[in-house]
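# attaching a predicted model along with its sequence, questions to come.
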Amino acid sequence: MNKEILSLEPMASFINTCHEGWLKGWHERNGGNLSYRLSKTELAPFLPFLSLEENYLPLNASLPFLGEDFFLITASGKFMKNVSKDPESNIGMVQIHPDGNAYHKVWGFKEGAHPSSELLSHLMTHAVKKEKHPENSCALLHAHPANIIALSFILPLNEELITRELWEMLSECIIVFPEGLGVLPWMLPGSLELAQASQNLMKRVNAVLWAHHGIFCAGSSLDLAFGLADTIEKAAEILVKVLSMGGKKQKPSHSQLLSLAEKYQ
Ligand code: 2HA
Ligand code: ZN
């Protein structure tokens, strides 16, 4: 295995993002997954390292809009903790069939590993993000941060209510996710139903709470997707503390939040 590929961007940042998420405590065992759609310019230096034989596996969806696109994605059942030690075994690159109904592995996934169990959620959301910004690359992070998950047992599963609670906790929030946080009830992990519901919300927002499970965050870079998850989880941690201390005694007013939104557009 040629190690040179590991130092190319965005590969090096992808591996680092997996490790940072592990250090955050977001990825117990094989929890969570990360994917990244490479732009044409990013892909070029990778081509000499890829094995492009046509060994396609079916996708349980039709995504012709992603035809021929390349994705980095974590492997199913593998641990984020181990990605930086042995990238080829724990992540890989796939290319989508021109028809959009199959994919093949072009790098990594050593010893028969497969892409993440949430492959469909990732690809279906990549399709709507690509539709909005075809020239950009896109990162999607699914993580299991404890505080936002804890809140999904306490707060009503209402998008406006949860968004507002988080906006109040940390002034960054309204700037980082002005579209709000999408909210889904518990759905079977890895299911087509969860993938479709997430795709639908991701047309409008960049982060979705999967109640009693985790969050799913999008960004045009790995840093932006990670930073979004980090901001949401930080606000959630403050809210958990506030609730544990007996609840709010004061908070920013509606007009103060509005002035923040206006100043930062
Ligand atoms: O990768 O987190 O949602 C395991 C999961 C599934
Ligand atoms: Zn999960």
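Nice, I can see it. Ligands and ions are numbered 1, 2, ... in the order given.
# now the lengthiest helix in the chain, how far from the centre of its chain.
Identified as the longest helix of the chain according to DSSP state H is helix 222-244. Helix 222-244 has its C-alpha centroid displaced from the chain centroid by 14 Å (CA atoms, centre = their mean, to the nearest Å).
# and that helix, which residues are buried?
If you call a residue buried by 16 or more other CB atoms under 10 Å, then helix 222-244 has these buried ones: 222, 224-237, 239-240, 242. Every C-beta, even on glycine, is put in place using the N, C-alpha and C of the backbone.
# phi first, then psi, for whatever residue of the chain ends up closest to ligand 1.
Using CB to the nearest ligand atom, the single residue of the chain nearest to ligand 1 is Pro189, 3.9 Å away. Pro189 adopts backbone torsions of phi -60, psi 140, taken as degrees, to the nearest 10.
# report the contact partners of it.
Pro189 sits next to Ser117, Glu118, His213 when contact means CB atoms under 8 Å, 6 or more residues apart in numbering.
# also within reach of ligand 1: list those from these.
Contacts with ligand 1 within the contacts of Pro189, as defined by CB under 6 Å from any ligand atom: Ser117, Glu118.
# okay, the very next helix or strand once past the longest helix of the chain in CSV with CA atoms only?
Moving toward the C-terminus from helix 222-244, the next helix or strand (DSSP states H and E) is helix 254-263. This file holds the C-alpha atoms of helix 254-263, laid out as CSV (Å, rounded to 0.1, in the frame of the first residue of the first chain):
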residue,chain,number,x,y,z
HIS,A,254,-36.1,38.2,21.7
SER,A,255,-34.9,41.6,20.5
GLN,A,256,-31.3,40.9,21.6
LEU,A,257,-31.4,37.6,19.6
LEU,A,258,-32.8,39.6,16.6
SER,A,259,-30.1,42.2,16.8
LEU,A,260,-27.5,39.5,16.7
ALA,A,261,-29.1,37.9,13.7
GLU,A,262,-29.3,41.4,12.0
LYS,A,263,-25.6,42.3,12.7
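# elements contacting helix 254-263?
The helices and strands touching helix 254-263, judged by 3 or more CB pairs under 8 Å, 6 or more residues apart in numbering; DSSP states H and E, are helix 172-176.
# what comes up buried for the helix it packs on?
Glu172, Cys173, Ile174, Val176.
# count the neighbours of Pro48 for me.
Residues lying near Pro48 (other CB atoms under 10 Å) number 9.
# now do the one 5 residues further on
Around Glu53 there are 9 other residues, counting by other CB under 10 Å.
# can you tell me which residues contact the closest residue to it other than its chain neighbours?
Leaving aside its sequence neighbours, Glu53 sits nearest to His104 (CB to CB, 6 or more residues apart in numbering; 7.7 Å). By CB under 8 Å, 6+ apart, His104 lies in contact with Leu52, Glu53, Glu54, Asn55, Tyr56, Leu57, Val94, Gln95, His97.
# and the next helix or strand past the helix or strand harbouring His104?
Per DSSP H and E, His104 falls inside strand 102-108. Following strand 102-108 in sequence order, the next helix or strand is helix 119-132 (DSSP H and E).
# quick check: mean pLDDT across the helix or strand that that following helix is followed by?
Using DSSP H and E, the helix or strand that follows helix 119-132 towards the C-terminus is strand 138-143. When pLDDT is averaged along strand 138-143, the result is 98.
# again with stretch 161-171
98.
# ditto for stretch 148-157
pLDDT averaged over stretch 148-157 gives 98.
# I'd say Ile174 and Trp167 touch.
Yes: using CB atoms under 8 Å, Ile174 makes contact with Trp167 at a distance of 4.6 Å.
# where do the contact lists of these two overlap?
Common neighbours of Ile174 and Trp167 (CB under 8 Å, 6+ apart) are Leu257.
# residue contacts, the most centrally placed residue in the chain?
Geometric centre of the chain, nearest residue: Leu141, 1.9 Å, by CA atoms, centre = their mean. With contact set as CB under 8 Å, 6+ apart, Leu141 has these partners: Thr17, Gly21, Gly32, Asn33, Leu34, Phe216, Cys217, Gly219, Ala225, Phe226, Ala229.
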